[in-house]
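Enquirer: fold the following, please.
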Amino acid sequence: MVHVVPADPQAVVAVKKKAQSSRSWVLLDSTGETTVLDVDKYAIMHRVNIHARDLRILDPLLSYPSTILGRDGAIVLNLEHIKAIITPEEVLLRDPSDENVVPVVEELKRRLPPVNAIQQGQDYTGGQNDVEGDEDESPFEFRALEVALESICSFLAARTLELETAAYPALDELTSQISSRNLDRVRKLKSAMTRLTARVQKVRDELEQLLDDDDDMADLYLSRKLAGTSPVSGSGAANWYLASPTIGSKISRASRASIATARGDENDVEELEMLLEAYFMQIDGTLNKLTTLREYIDDTEDYINIQLDNHRNQLIQLELFLSSGTVCLSIYSLVAAIFGMNIPYTWDTNHGYMFKWVVIVSGIFCATLFILIMSYARLKGLVGS
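Expert: So this is what the prediction gives:
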């Protein structure tokens, strides 16, 4: 008899947690320090306080279009290989070992101010100078977003340049020599261009959608949201914020952002709009290059079709020429065959020269018929002059 032992619920939960596939992330804070995290999606959701449907956008196993979403405390960014979550204090990048993500991490480390630079700025800057310096500094989320947009625009521009470098010589070679090898080469380049155009178009459409909606752009102002909810006064919260010089600097900016919000500037998205417009123009220029390349390919295809049609017409003319000659020779062969048979004819008695004249007259008749057929075909434009 078999006894079934009930499983421990805690053990089952532990097994499930182990079965869940961990995802590798790299964390960059506002001081430029990086930390590699190997955690599951629930830990990420708890850390940045976003929903599972938003995190699902960053899943590489699922096919989602390019997306820039503004949430309460984070920006969810899905641009090609750049899958990131941006908060007012840190950036989470997925798959840091990816060769395309490594340059983004290095650029973020370079753009974000180092720890000693922040401390020096707080030690040697004060009063009005500190206020002006903070006002000139862009919010952390915008600096991170700018790095991501610059990286993806540069990446797509580089892929476009590589495609142009390979496509234009291949198209010129195809126009000079039409062969199966050149046709297959151009076919592969056209397929690559179609895929790259779709990728560039998705990024462009997402930027255009953001630029058309001020509310969506306002959702990306995470520091402004933090300013409306951060406790800038109070015992416990104030001590916690002042313990970190970085957070203390953010509170200073948050206080001024609260004043700006009170003055009615909460819908002011000019800074982000200028940032997005700059990279929108860049990605639009890349799309224009691909459009020009597509037009060049279409023109080349039209030229090749014209050439093939011309060759086809020449073959039809040759076929007409040969068919007309075959008909005339058939008539000549028929007459010669009839009169060449060993059949006694009464009019051929004692007139042996008659066969020679029959052959000559038949030849002249067939040649005249051939000339008439070709003249008629030329008159109707069926053959070239």
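Enquirer: run a quick neighbour tally on Glu301.
Expert: For Glu301, the number of neighbouring residues by other CB atoms under 10 Å comes to 14. (Each C-beta comes from the backbone N, C-alpha and C, glycine too.)
Enquirer: could I get the average pLDDT for the helix or strand where it lies?
Expert: Glu301 belongs to helix 270-339 when elements are defined using DSSP states H and E. Across helix 270-339, the average pLDDT comes to 88.
Enquirer: who are the packing partners of it?
Expert: Taking 3 or more CB pairs under 8 Å, 6 or more residues apart in numbering; DSSP states H and E as contact, the helices and strands that helix 270-339 lies on are helix 140-176, helix 180-212, helix 214-219, helix 354-379.
Enquirer: go again using 6 Å as the cut-off
Expert: Applying 3 or more CB pairs under 6 Å, 6 or more residues apart in numbering; DSSP states H and E, one finds that helix 270-339 contacts helix 140-176, helix 180-212, helix 354-379.
Enquirer: okay if I get those helices as JSON lines plus distance to Leu37, mean pLDDT and mean neighbour count?
Expert: Shown next, in JSON lines, are the helices and strands packed on helix 270-339 (distance: least, CB to CB, whole Å; pLDDT from 0 to 100; neighbours: other CB atoms under 10 Å):
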{"stretch": "helix 140-176", "distance to Leu37": "17", "mean pLDDT": "92", "mean neighbour count": "18"}
{"stretch": "helix 180-212", "distance to Leu37": "27", "mean pLDDT": "92", "mean neighbour count": "16"}
{"stretch": "helix 354-379", "distance to Leu37": "81", "mean pLDDT": "82", "mean neighbour count": "13"}
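Enquirer: make a markdown table out of these and add distance to Ile338.
Expert: Shown next, in a markdown table, are the helices and strands packed on helix 270-339 (distance: least, CB to CB, whole Å):
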| stretch | distance to Ile338 |
| --- | --- |
| helix 140-176 | 54 |
| helix 180-212 | 50 |
| helix 354-379 | 9 |
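Enquirer: what sits against the residue most central in space within the chain?
Expert: Nearest residue to the geometric centre of the chain (CA atoms, centre = their mean): Arg199, 2.1 Å. For Arg199, no contacting residues are found, by CB atoms under 6 Å, 6 or more residues apart in numbering.
Enquirer: just checking the distance from the helix holding Glu301 to the centre of its chain.
Expert: Its chain's C-alpha centre and that of helix 270-339 lie 28 Å apart, by CA atoms, centre = their mean, to the nearest Å.
Enquirer: again, but for stretch 44-55
Expert: 27 Å.
Enquirer: give me the mean pLDDT for it.
Expert: The model assigns stretch 44-55 a mean pLDDT of 86.
Enquirer: buried stuff in it?
Expert: Of all the residues in stretch 44-55, those buried under the rule 16 or more other CB atoms under 10 Å are Ile44, Arg47, Val48, Ile50, Asp54, Leu55.
Enquirer: same check, this time on stretch 281-290
Expert: Gln282, Ile283, Thr286, Leu287, Lys289, Leu290.
Enquirer: I'd like those residues written out as JSON lines, with distance to Ser223 added.
Expert: Output for the buried residues of stretch 281-290, formatted as JSON lines (distance: CB to CB, whole Å):
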{"residue": "Gln282", "distance to Ser223": "25"}
{"residue": "Ile283", "distance to Ser223": "25"}
{"residue": "Thr286", "distance to Ser223": "30"}
{"residue": "Leu287", "distance to Ser223": "32"}
{"residue": "Lys289", "distance to Ser223": "36"}
{"residue": "Leu290", "distance to Ser223": "36"}
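Enquirer: for Leu189, state which of the residues you listed is nearest.
Expert: Closest approach to Leu189 among the buried residues of stretch 281-290 (CB to CB): Leu290, at 11.9 Å.
Enquirer: okay, that closest one and Asn78: tell me how far apart.
Expert: The spacing between Leu290 and Asn78, counted by CB to CB, to the nearest Å, is 21 Å.
Enquirer: ditto for Val203
Expert: The gap separating Val203 from Asn78 is 10 Å, by CB to CB.
Enquirer: likewise for Ala337?
Expert: 83 Å.
Enquirer: please say which of those two ends up with more neighbours.
Expert: Higher neighbour count among Ala337 and Asn78: Asn78, with 22 against 9, using other CB under 10 Å.
Enquirer: on that earlier part again, kindly reformat the buried residues of stretch 44-55 as TSV containing distance to Ser154.
Expert: Shown next, in TSV, are these (distance: CB to CB, whole Å):
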residue	distance to Ser154
Ile44	27
Arg47	29
Val48	26
Ile50	28
Asp54	26
Leu55	27
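Enquirer: quick one: which of those is nearest Leu372?
Expert: When these are compared for distance to Leu372 (CB to CB), Asp54 wins out at 82.3 Å.
Enquirer: doesn't the closest one lie inside a helix?
Expert: Yes: counting by DSSP: H, G, I helix; E, B strand; the rest coil, Asp54 falls inside a helix.
Enquirer: quick one: pLDDT of Leu222?
Expert: 86.
Enquirer: repeat that for Arg263.
Expert: At Arg263, the pLDDT value in this model is 41.
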